[in-house]
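[1] predicted model and sequence follow; I will ask about them next.
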Amino acid sequence: MDRNIFEEDAALRAADQMLIDELYPVSGSTRLYHFQSPKTKKRTSSRKKDNPASYMAYVFEGYPTKEQAAYFCQTIGNCRFLWNRMLDDHRHGIYHTPAWYKKQSELSWLAKADSLALANVQLNLEAAESDAKSGDKQKPRFHKKGVCRDSYKTNCQYLNGKSTITLEDEYLKLPKAGKVRVKMHRPVRPGGVLKSVTVSHEPDGKWLFSVVFQYPEEPFKANEAIQKVWDSGCTDGFRMTGLDMSLPHLYIDADGQMPFYELKDSTVCFDKAYRRLEGRVAREQRKLSHMKKHSHNYRKQQRKVAKLYAKAKHQRHDFLRQMAVRLARKYDLIGIEDLDMQAMKKSLRFGKSVSDNGWGLFTLYLEEACRKTGSLLIRVDKWFPSSKTCHHCGHIYHDLKLNDRTYICPVCGHIMDRDYQAAQNIRDEAFRIFQEISRGKASA
């Protein structure tokens, strides 16, 4: 009887695997997934419909008045209090809406905050609890002042043809706060609908306003070179490269080059922003440790430390964006490895180096830039032996160690830099996957 049950389970598993292979064909070590995202379970009680659209956020620095800054701080505090109160009630099986809390006599001061900001607290808490139940994330925790992020989100409503939030002439109009002067360092793309604004108070004292616009969804349109390959199979003039992640240099491309770009008759090379400022950060933190907590000088010193961290973050983000846009404009096909950055941070004490590198953020910027320019970004499987495979004869050298920076093939004797060879193997593997996709399009 047990044997029959086992055979039935094996047959069902085999049938499921055949269905998976039919829906998602395997190409080498990479499974080619369709671009349709499966329907997911609703995470919050929001009534908004999942309409196909694309969103773009513009982050502007703002200069609120003293009254406006005080209102923003009060709203942030109200949202933090409501989060903690609702989280504590949910743990005891009590569920109420923000409107119910505002009606309580001892909590009437919550009505001074933006009602949609409080409603977003409920949605964020529901989403956090849903993610915790599904096992994607940990359980939500209480928010503590000075530790959690100081921000709140409000949505734009259209009443009688007028919107509650407007952005025009260097001023951002917000509910209950009025017009706030902002620095619009870049123009807003026309044709969008303003959806929401997130107000953030950075640790270095700056106020940032993230304005989200909704645009009609545009399907991916490949550039002329890719379209030419799909139509005729001709690869003349087709530009491609592979990027091998490198901790000291961010990456090494298939030409053996490290990341750099030209700007105003000068060359900007990759530099670890935090490592360069680490000495100054340690010195300022040492001063902070000798001060009395929560004193006036303590808060001033805290802001100095926060400015150094912000400087390193902004320098890192700027260089990653610059390189991502330049690569997307230069190449038609870019191959990278699908690495698990969280696992790399925990292994071999690479946490600080991996975080300072920003490779995960770089791949997100690169994906966004490729989508806008019509280039293709192919992620090669993380188990693909890019470093151990000889580019000359194809032999896989399994005994290659991490400290072996020069690859010497034991079969053909080919000698090559380890990272340079890995980048070329990633480029060839990405091109092989691209050819299989092209053949599938041609047969379809």
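    Noted; the coordinates are in hand. Given the structure is predicted, the values throughout are model-derived calculations rather than measurements. Residues are numbered from 1 along each chain as shown.
[2] would you map the helices across the stretch 1-150 of the chain?
    Ranges of helices in the stretch 1-150 of the chain, per DSSP state H, counting those that start in this stretch, are 2-23, 66-91, 98-103, 115-134.
[3] hmm, residue 204 and residue 303 touching each other?
    Yes. Counting by CB atoms under 8 Å, residue 303 sits close enough to residue 204 to count as a contact (6.0 Å). (Each C-beta comes from the backbone N, C-alpha and C, glycine too.)
[4] those two: who's more crowded?
    Comparing residue 303 with residue 204 by neighbour count (other CB atoms under 10 Å), the higher total belongs to residue 204, at 15 against 12.
[5] any idea how far that one is from residue 248?
    Counting by CB to CB, to the nearest Å, the gap between residue 204 and residue 248 amounts to 29 Å.
[6] what's the neighbour count on the nearest residue to residue 150 once chain neighbours are set aside?
    What sits nearest to residue 150 in space, not counting adjacent residues and going by CB to CB, 6 or more residues apart in numbering, is residue 201, at 4.1 Å. With neighbours defined by other CB under 10 Å, the count for residue 201 comes to 18.
[7] residue 201 touches residue 72, doesn't it?
    Yes. Judged on CB under 8 Å, residue 201 makes contact with residue 72 at a distance of 6.8 Å.
[8] give me the low-pLDDT residue ranges for the stretch 1-150 of the chain?
    Flagging of the stretch 1-150 of the chain using pLDDT under 70 yields the residue ranges 1-42, 47-51.
[9] can you give me the strands in the stretch 301-444 of the chain?
    Assigned by DSSP state E, counting those that start in this stretch, the strands in the stretch 301-444 of the chain fall at 333-337, 376-380, 406-408, 415-417.
[10] list the buried residues in the third one.
    Counting neighbours by 16 or more other CB atoms under 10 Å, one finds that the buried residues in strand 406-408 are residue 407.
[11] try stretch 276-289
    For stretch 276-289, the neighbour count (16+ other CB under 10 Å) marks 277, 281, 284, 288 as buried.
[12] not counting it itself, show me its contacts.
    By CB atoms under 8 Å, 6 or more residues apart in numbering, the residues outside stretch 276-289 that reach it are 274, 298, 301, 302, 304, 305, 308, 309, 311, 312.
[13] inside helices: which ones of those residues?
    Counted as lying in helices by DSSP state H, out of those, are 274, 298, 301, 302, 304, 305, 308, 309, 311, 312.
[14] burial check on the third one, number of neighbours?
    I take that to be residue 301. Should you count by other CB under 10 Å, residue 301 turns out to have 18 residues around it.
[15] same check on the fifth one?
    Residue 304 has 15 neighbours, counted by other CB under 10 Å.
[16] ok, the residue nearest to it when sequence neighbours are not counted to residue 398 distance?
    Spatially, and ignoring its direct neighbours in sequence, residue 304 is nearest to residue 284 (5.3 Å; CB to CB, 6+ apart). Using CB to CB, we find residue 284 at a distance of 48 Å from residue 398.
[17] if we can go back for a sec, so what sits against both of residue 201 and residue 72?
    For the pair residue 201 and residue 72, residues contacting each of them under the criterion CB under 8 Å, 6+ apart are residue 207.
[18] is the residue nearest to residue 262 when sequence neighbours are not counted in a helix, a strand, or coil?
    Nearest non-adjacent residue to residue 262, counting by CB to CB, 6+ apart: residue 268, 7.6 Å away. Judged by DSSP: H, G, I helix; E, B strand; the rest coil, the three-state class of residue 268 is strand.
[19] what bridges to residue 268?
    residue 261 (DSSP bridges).
[20] now the stretch 201-350 of the chain, which segments are flagged as low pLDDT?
    Within the stretch 201-350 of the chain, the segments meeting pLDDT under 70 span 348.
[21] which stretches in the stretch 101-250 of the chain count as strands?
    Counting by DSSP E, counting those that start in this stretch, the stretch 101-250 of the chain has these strands, from start to end: 150-155, 158-159, 162-163, 166-168, 171-174, 178-183, 193-201, 207-216, 240-246, 250-253.
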